[in-house]
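> Below are the sequence and a predicted model for it; my questions follow.
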Amino acid sequence: MLMGRINIPVVCCDAGDVLAEDIFNQKGVLLAVKNTVMNHYIKKKLLEFGINDVWLYQPAGLFVHEAKASKKEKVEKNYKKAVFIVKKFLSQICSGGTIDYGLVNEISNTILEVIYEPGSIAQCLSELKHSDEYTYTHCVNVAFYSMLIAKWLKTPDSLTQEVIQAGLLHDIGKTKVSKEILNKKEKLTSAEWKIIKKHSQYGYEMIKDIPGISQGVLTGVLQHHERMDGSGYPGKLSGDNIGLHAKIIAVADVYDAMTQNRVYKRKVSPFESFRMFLTSGICSFDTHVLGVFLKHLPAYYIGERARLNNGLQGEIVYIPPHDVIYPIVQIGSNFLDLSKDEQLKVVDIMG
């Protein structure tokens, strides 16, 4: 567990130290976000920008690596438990049973237990993705990502809990859609696409009469495919007519869908997803929600192994907060700045 903060000279920082605050240069440009794990490349860059001292979290004890491994194990345990319960939950529904909201609460509490371990969550979600279990893992992943976004937005605890539940339930309406359509590898016909687009309405109808369910959860499920520019469904809502729960889930849903293999589409790297959000998707998603997501999540890919489209593999040593599409990748003794060669790109995070 990280406890307390300490201000030390950058020259005294070690690889593995964790920043306790955002770091800006003299012009106000964000260089590194809070919770970034220091490495030698980042240390060198901070010194080059004239950053002489930084605030770090002070580890409570000497066994930092053991504590980090323990956190990851906890997240993985809770993740697998959540997936297991989701399987049970959806199996009951598909068999004609009623929705057990007690199971939804159990899953959301399991997820909420690890809210203060975003680094381990990001690593876990990157590694534990299996296309043959997409139906189950996607619900859980969206709940995890939605929780992190709510945390970064500093929402009240009650809203965070609701966002987790809405994330878990956002695609429940797909249980009313045939597997032939859901798993079709070819392009959907217009008639099939119309059926798919009914799933958010189906989901809302399935849960609206559950005793004790909040309006926020209902809105999140119903509106998670609405878009800020009015191009979404089912109501073609826009702007402030879309609830915050739905705005959060929309980002989490699309990000996870893009970065997971599905039966009809191969995944893309997180960086290609970031590119979509910042280009074609910039008008579709709430700018504040998206901005918080793109500020915080990318930093957790620093230290991960990446495979480039030229077949080479290396370690991501830095992701500029102002340009998250282009990481710095170390291959051997060379540092590749992907913003300098747009023909190169990360195609996979190796885990």
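That came through, no problem. Quantities reported herein were computed from a predicted structural model and do not represent experimental measurements.

> Please enumerate the helices of the chain.
Counting by DSSP state H, one finds helices in the chain at the ranges 40-48, 64-94, 101-112, 118-127, 134-152, 157-169, 179-182, 190-196, 199-207, 215-223, 244-258, 270-278, 287-296.

> The longest one vs helix 134-152, what angle?
Following axes from the mean of the first three to the mean of the last three Cα atoms, to 10 degrees, one obtains 130 degrees for the angle between helix 64-94 and helix 134-152.

> Tell me which residues of helix 64-94 come out buried.
For helix 64-94, a neighbour-count test (16 or more other Cβ atoms under 10 Å) marks 68, 71-72, 75-76, 78-79, 81-83, 85-86, 89-90 as buried. Quick note: C-beta positions are derived from backbone N, CA and C, even for glycine.

> could you dump these to CSV with distance to I319?
What follows is those, written out as CSV (distance: Cβ to Cβ, whole Å):
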residue, distance to I319
K68, 20
K71, 21
K72, 20
V75, 21
E76, 24
N78, 26
Y79, 24
K81, 31
A82, 28
V83, 28
I85, 34
V86, 31
F89, 36
L90, 35
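
> Pick the one among those residues closest to H288.
Within the set of these, V75 lies nearest H288; the separation is 26.8 Å, counting by Cβ to Cβ.

> Could you find the closest non-adjacent residue to the closest one?
By the measure of Cβ to Cβ, 6 or more residues apart in numbering, the closest residue to V75 outside its immediate chain neighbours is S120, 4.2 Å from it.

> and the gap between K154 and V251?
16 Å (Cβ to Cβ, to the nearest Å).

> Which of the two has more residues huddled nearby?
Relative neighbour count places V251 above the other of K154 and V251, with 25 against 8, counting by other Cβ atoms under 10 Å.

> Does that one touch G291 like I think?
No. With the criterion set as Cβ atoms under 8 Å, V251 and G291 do not qualify as a contacting pair; they are 10.2 Å apart.

> pLDDT value on the residue positioned nearest the centre of the chain, please?
Residue closest to the average C-alpha location in the chain (Cα atoms, centre = their mean): Y145, at 3.8 Å. Note for Y145: predicted pLDDT of 98.

> Same question for I249.
pLDDT for I249: 98.

> Now do the contacts for it.
Contact analysis of I249 by Cβ atoms under 8 Å, 6 or more residues apart in numbering lists V142, S146, V163, A166, G167, H170, G220, H224.

> Make CSV from the residues you listed and add neighbour count and distance to N309 to it.
Putting the contacts of I249 into CSV (neighbours: other Cβ atoms under 10 Å; distance: Cβ to Cβ, whole Å) gives the following:
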residue, neighbour count, distance to N309
V142, 29, 28
S146, 30, 31
V163, 31, 35
A166, 33, 36
G167, 34, 32
H170, 30, 32
G220, 31, 36
H224, 30, 32
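
> Using TSV, lay out the residues you listed together with distance to K34.
Shown next, in TSV, are these (distance: Cβ to Cβ, whole Å):
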residue	distance to K34
V142	24
S146	20
V163	21
A166	27
G167	24
H170	29
G220	27
H224	28
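
> What is the nearest of those residues to A32?
In terms of Cβ to Cβ, no member of the contacts of I249 lies closer to A32 than S146, at 25.1 Å.

> Which residue is the nearest non-sequential neighbour of the closest one?
Nearest non-adjacent residue to S146 (Cβ to Cβ, 6+ apart): G167, at 3.9 Å.

> how far away is that neighbour from V347?
With the distance defined as Cβ to Cβ, G167 ends up 27 Å from V347.

> Report the contact partners of the nearest residue to I172 once chain neighbours are set aside.
Counting by Cβ to Cβ, 6+ apart, I172 lies nearest to G203, which is 4.5 Å off, once chain neighbours are set aside. Taking Cβ under 8 Å, 6+ apart as the criterion, G203 is in contact with L169, H170, D171, I172, G173, K174, V221, L222.

> Would you confirm that the fifth one contacts K208?
Spelled out, that is G173. No. Because the distance of 11.6 Å does not satisfy Cβ under 8 Å, G173 is recorded as not touching K208.

> For those two, indicate the residue with more neighbours.
Between G173 and K208, counting by other Cβ under 10 Å, G173 is the more crowded of the two (21 against 13).
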